[in-house]
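Novice: Got a sequence here, can you build the structure:
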Amino acid sequence: MDFPYTITTKSAEETARVGKEIGNKLRTSRIICLYGELGSGKTTFVQGFARGLGITTRLLSPTFIIVRRYQTPRRFSFLYHLDLYRLSGEKELEGLGIPEILADTSSIVLIEWAEKLGDLMPEKRIDIHFMVKENGDHTIEIKKYGQKDPTSNSNP
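Specialist: Residues are numbered from 1 along each chain as shown. Here you go, the predicted model:
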């Protein structure tokens, strides 16, 4: 996959399918930051992504508990799903264990509302922006920072 990469989806099922394909192909990237307004497809993408990693349990949004952790059957130890929507700033991140989660090199981390990370924003990451068009279609734009192609089979 070349970066930046943009795809348009016409349904929640298509958005989940994009997430599943990326989760299935992912080899080396560990931190994926998700951006977009409410209802733009972030959680749907994460649910598909988890299926691509082989997770069969139902993923629930961690909006009220901030972090959910799922064991993965392959490639990574855990999938951490963070939702920072309810937080108003960096001060509220203290005591949540976010630095430790970001430092866990054996796990994959997906962060909704990642812009709230502030100074904790990792340099090496994939940023995925979700936008809703006037006609209801969703645009997903994927960019990487500080790393090689995360879906390349040449990266074990």
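
Novice: For the rest of this, base every contact and every neighbour count on C-alpha atoms.
Specialist: OK.

Novice: Tell me the confidence at residue 9?
Specialist: As predicted, residue 9 sits at a pLDDT of 96.

Novice: Also residue 105?
Specialist: 89.

Novice: you'd agree residue 7 is in a helix?
Specialist: No: Residue 7 is assigned strand when assessed by DSSP: H, G, I helix; E, B strand; the rest coil, not a helix.

Novice: So in terms of bridging, what pairs with the residue lying closest to it once chain neighbours are set aside?
Specialist: Nearest non-adjacent residue to residue 7, counting by C-alpha to C-alpha, 6 or more residues apart in numbering: residue 140, 5.3 Å away. Here residue 140 sits in beta bridges with residue 7, residue 130, going by DSSP bridges.

Novice: Now do residue 140 against residue 29, distance only.
Specialist: Separation of residue 140 from residue 29 (C-alpha to C-alpha, to the nearest Å) stands at 18 Å.

Novice: Likewise for residue 73?
Specialist: 17 Å.

Novice: So if I had to pick from those two, which one is more boxed in?
Specialist: Neighbours per residue (other C-alpha atoms under 10 Å) separate residue 73 from residue 29, with residue 29 holding more: 20 against 12.
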